[in-house]
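S.K.: Predicted model follows, preceded by the sequence.
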Amino acid sequence: MADFVGAVDQGTTSTRFMVFDHGGNEVARHQLEHQQILPRAGWVEHDPLEIWERTRTVIAAALNGAGLSTDDLAAIGITNQRETTVVWDRRTGVPYANAIVWQDTRTDQIASALEKSGAGEVIRRKAGLPPATYFSGGKLRWLLDNDEKLRADAERGDALFGTVDTWLLWNLTGGPAGGAHVTDVTNASRTMLMDLRTLDWDDELCAIFGVPRAMLPAIRPSVHQYGVVARGGLPSTGTRGSGELPIGGVLGDQHAATMGQVCFAPGEAKNTYGTGNFLVLNTGTDLFASTSGLLTTVAYQLGGASPVYALEGSVAVTGAAVQWLRDQLGIISGAAQSESLARQVDDTAGLYFVPAFSGLFAPYWRADARGAIVGLSRFHNNAHLARATLEAICYQTRDVVDAMAADSGVTLDVLKVDGGVTANDLCMQLQADILGVPVSRPVVAETTALGAAYAAGLSAGFWRDTTELRANWREARRWEPTWSEDRRAGGYAGWKKAVDRTLDWVDVG
């Protein structure tokens with residue numbers, strides 16, 4: 001019997017492959033970044049072919065580096081950056097255009113027009129989402145509206161749509177030679193095209209966006225036997241193994257992290273810190289319509305069981321703000337330096353940075369917002385800006401936590417955290433201080449990949465049930481709040497003033 005399970009974690013800035021043992025411990029990993037294509041202000045694209053090649057490479061490199069073969073894996077899972085939209089030719093596998101990334105704001109006028117027409121209420125009622133640039137449906141409509149050949153091919157069924165999970169699945173299982181055109185319920189729930197109650201594409205929603213159903217993938221549970229990796233799906237040299245490699249689980253990244261943090265009971269929540277921040281609260285089999293700017297989404301579906309739903313607060317730019325300090329401003333050489341630089345000062349001296357590079361997501365949903373640094377004086381230096389960047393990550397989380405409490409009545413006793421930014425001890429201490437509750441990081445902080453591995457392992461019988469998964473969770477570190485209530489309240493009041501300064505900056509029609 002195979003001793004391990006693997007997971008492809010295809011994120012906004014990089015792709016990694018990780019291998020886990022039965023205890024949920026990391027055995028191997030390999031990770032590669034991919035290019036961020038920024039053709040215009042507000043436009044963010046990726047090359048789908050580069051992502052596919054990176055995926056093949058990291059799987060082979062991780063296995064080879066650990067002396068493993070595909071025969072050592074019971075199954076693999078896939079987790080992915082959600083909402084990022086890919087369209088390609090069924091016959092050749094060639095994309096019609098670069099992928100439009102979830103951060104991209106080119107569809108702001110489409111979203112605004114939907115809201116003004118009254119279609120926004122239909123989308124909220126059926127899909128649980130507001131019409132916003134964030135989601136896939138508007139991106140797909142934009143592509144169809146701007147490429148006549150794509151529209152014609154889509155009507156014939158020759159053009160395929162998918163989020164990144166679907167693109168990778170199709171290629172891994174054979175591509176033009178019979179690849180599976182499939183997605184899971186979590187990714188489908190982020191398109192504005194799926195009805196949360198039927199778990200199927202909705203004709204009315206498809207008509208609103210002008211999307212032919214022929215180009216949409218089949219929707220399956222998160223834990224499901226999706227197929228096997230086809231011959232040629234991985235590099236022919238260096239990747240050993242003679243048996244079939246099943247693909248047993250697919251989830252969008254935040255849903256995978258919810259599984260990785262074993263939030264299987266209603267009322268349990270986690271916050272993932274990556275390119276953005278994503279706080280997910282398990283609401284069980286009940287659908288809750290948010291009145292506070294949150295999203296209703298499918299948390300996961302285990303095989304033939306009923307779907308589990310969630311409330312989610314999505315923040316567009318958190319870790320990406322640290323990357324901006326590195327890549328655009330050049331004031332740090334790497335993410336780790338943001339902590340050492342920020343520790344040079346005791347506070348921001350009244351400086352606030354609101355990184356609304358692509359508008360504001362939850363709980364504001366303001367596409368007209370743009371980034372702002374406020375409270376500047378000649379006293380301020382790069383250390384104050386670095387610290388303000390870390391505080392911005394935490395204040396945006398506070399916005400979402402407050403909205404979640406208003407919607408659900410759930411007050412967090414502790415915030416379970418994961419993702420790359422949690423390696424920043426100062427940021428996690430600031431998070432505890434700004435929220436006023438303890439912050440807990442698990443031993444395996446990369447719970448997104450772990451959750452995808454859990455889904456695949458459940459499908460393959462590697463783990464029996466979620467009780468067995470829960471036993472794997474262990475706390476690595478906890479941060480307790482140290483700020484006084486006055487400091488916490490004053491800091492947050494300043495943050496709210498700073499957010500106000502970002503609004504009404506661009507005209508979205």
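M.R.: Nice, I can see it. Keep in mind that this is a model prediction, so the values were computed, not measured. Numbers count the residues shown, from 1 in each chain.
S.K.: what comes up buried for the helix or strand that contains Lys139?
M.R.: Following DSSP states H and E, the helix or strand that holds Lys139 is helix 136-145. Neighbour-count burial for helix 136-145 flags Ser136, Gly137, Gly138, Lys139, Leu140, Arg141, Trp142, Leu143, Leu144 (criterion: 16 or more other C-beta atoms under 10 Å). Any C-beta I mention is one placed from the backbone N, CA and C, and that applies to glycine too.
S.K.: could I have it exported to PDB, CA atoms only?
M.R.: Extracted as PDB, the C-alpha positions of helix 136-145 are listed here (Å, rounded to 0.1, in the frame of the first residue of the first chain):
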ATOM      1  CA  SER A 136     -15.200  34.300 -12.900                       C
ATOM      2  CA  GLY A 137     -18.500  35.000 -14.700                       C
ATOM      3  CA  GLY A 138     -17.700  38.500 -15.600                       C
ATOM      4  CA  LYS A 139     -14.200  37.600 -16.800                       C
ATOM      5  CA  LEU A 140     -15.600  34.900 -19.000                       C
ATOM      6  CA  ARG A 141     -18.200  37.300 -20.400                       C
ATOM      7  CA  TRP A 142     -15.400  39.900 -21.100                       C
ATOM      8  CA  LEU A 143     -13.400  37.200 -23.000                       C
ATOM      9  CA  LEU A 144     -16.400  36.200 -25.100                       C
ATOM     10  CA  ASP A 145     -17.400  39.800 -25.800                       C
END
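S.K.: Could you list every helix and strand in contact with that helix?
M.R.: strand 85-89, strand 99-100, helix 108-117, helix 148-156, helix 203-209 (3 or more C-beta pairs under 8 Å, 6 or more residues apart in numbering; DSSP states H and E).
S.K.: send the alpha carbons of the third one over as PDB?
M.R.: By that I understand helix 108-117. Output of helix 108-117 as PDB, limited to C-alpha atoms (Å, rounded to 0.1, in the frame of the first residue of the first chain):
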ATOM      1  CA  ASP A 108     -15.700  46.700 -13.300                       C
ATOM      2  CA  GLN A 109     -18.200  48.200 -15.800                       C
ATOM      3  CA  ILE A 110     -19.800  44.800 -16.400                       C
ATOM      4  CA  ALA A 111     -20.300  44.400 -12.600                       C
ATOM      5  CA  SER A 112     -21.700  47.900 -12.300                       C
ATOM      6  CA  ALA A 113     -24.100  47.400 -15.200                       C
ATOM      7  CA  LEU A 114     -25.400  44.100 -13.600                       C
ATOM      8  CA  GLU A 115     -26.000  45.900 -10.400                       C
ATOM      9  CA  LYS A 116     -27.900  48.700 -12.000                       C
ATOM     10  CA  SER A 117     -30.000  46.400 -14.100                       C
END
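S.K.: Near Glu485, how many other residues are there?
M.R.: Neighbour count for Glu485, taken as other C-beta atoms under 10 Å: 9.
S.K.: Enumerate every residue touching Arg141.
M.R.: By C-beta atoms under 8 Å, 6 or more residues apart in numbering, the contact set of Arg141 is Thr107, Ile110, Phe209, Gly210, Val211.
S.K.: Wasn't Val5 part of a helix?
M.R.: No. Going by DSSP: H, G, I helix; E, B strand; the rest coil, the assignment for Val5 is strand, not a helix.
S.K.: bridging residues for it?
M.R.: Beta-bridge pairing for Val5 (DSSP bridges): Phe20.
S.K.: Which one of the contacts of Arg141 is nearest to Val439?
M.R.: Distances from Val439 to these, taken as C-beta to C-beta, are shortest for Thr107 (34.7 Å).
S.K.: Report pLDDT for the closest one.
M.R.: Here, the pLDDT recorded for Thr107 equals 94.
S.K.: Please look at it and Leu143 and confirm they touch.
M.R.: No. If you go by C-beta atoms under 8 Å, Thr107 and Leu143 don't touch, sitting 9.9 Å apart.
S.K.: How about Glu83: what's its closest non-neighbour residue?
M.R.: Leaving aside its sequence neighbours, Glu83 sits nearest to Trp102 (C-beta to C-beta, 6 or more residues apart in numbering; 3.8 Å).
S.K.: Let's see if you can find the most crowded of the contacts of Arg141.
M.R.: Thr107 (28 neighbours).
S.K.: so who does the residue lying closest to it once chain neighbours are set aside touch?
M.R.: Residue nearest to Thr107 in three dimensions, not counting chain neighbours: Gly138, with 3.8 Å by C-beta to C-beta, 6+ apart. Neighbouring residues of Gly138 by C-beta under 8 Å, 6+ apart: Thr107, Ile110, Ala111, Leu114, Pro131, Ala132, Met192, Phe209.
S.K.: And Gly138, how far from Gln225?
M.R.: 32 Å (C-beta to C-beta, to the nearest Å).
S.K.: ok, Asp413 touching Leu435?
M.R.: No. Asp413 is beyond contact range of Leu435, at 11.1 Å (criterion: C-beta under 8 Å).
S.K.: more crowded one of the two?
M.R.: Leu435 (23 against 7).
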